[in-house]
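J.: sharing a model prediction with you, sequence too.
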Amino acid sequence: MWEFVQAWFLDLGARYGVNPVLFGAIYVGEIPFFTLSVAWVVRNLRRGGSIVVPALAASFFFVSAYLYLLVAGRNIPWWVYGVLAAMVAVGARSAVRKIRARASSPAR
């Protein structure tokens, strides 16, 4: 069973021109950078500073794996774009809630 799943997964990468291992590495590798960017946003909010640059950084890291998919991928089904848009929208809403909660809580 595991061999079947592995072959299917790797075949998807070949079919759509995306290296699934690289996609996964970007997806997992961006997590600490996204987290640091969110902390930067919260710090600037608490200090009354500009959040433009840290918010842009957080946004970039949040979508970096999907950017790779959009740039490197080919012949991707149309529904994948809808799923990606929905995932980004839900994730962005969650991130905004988290930032607001942390910014309003007392500094540690």
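T.: Yep, that arrived.

J.: burial check on residue 65, number of neighbours?
T.: By the criterion of other CB atoms under 10 Å, residue 65 has 20 neighbours. In short, each C-beta sits where N, CA and C put it, glycine included.

J.: pLDDT score assigned to it?
T.: The per-residue pLDDT reported for residue 65 equals 88.

J.: and the helix or strand harbouring it, what does it pack onto?
T.: Using DSSP states H and E, the element containing residue 65 is helix 52-72. With contacts defined as 3 or more CB pairs under 8 Å, 6 or more residues apart in numbering; DSSP states H and E, helix 52-72 has these neighbours: helix 20-47, helix 78-104.

J.: which ones are touching residue 51?
T.: Residue 51 makes contacts with 41, 44-45, as judged by CB atoms under 8 Å, 6 or more residues apart in numbering.

J.: just those residues now: which is nearest residue 56?
T.: Set against residue 56, the nearest of these by CB to CB is residue 41 (9.9 Å).

J.: may I see the buried residues of the least confident helix or strand in the chain by mean pLDDT?
T.: None of the helices or strands of the chain scores lower by mean pLDDT, DSSP states H and E than helix 2-16, at a mean of 81. In terms of neighbour count (16 or more other CB atoms under 10 Å), helix 2-16 has its buried residues at 13, 16.

J.: taking the centroid of the protein, which residue is nearest it?
T.: residue 62 (2.8 Å; CA atoms, centre = their mean).

J.: I figured that one hits residue 91, correct?
T.: Yes: look at residue 62 against residue 91 with CB atoms under 8 Å: they come within range, at 6.3 Å.

J.: thinking again about what came up before, residues contacting the helix holding residue 65, please?
T.: By CB under 8 Å, 6+ apart, the surrounding residues in contact with helix 52-72 are 17-19, 22-23, 26-27, 30, 33-34, 37-38, 40-41, 44, 76, 80, 84, 87-88, 91-92, 95.
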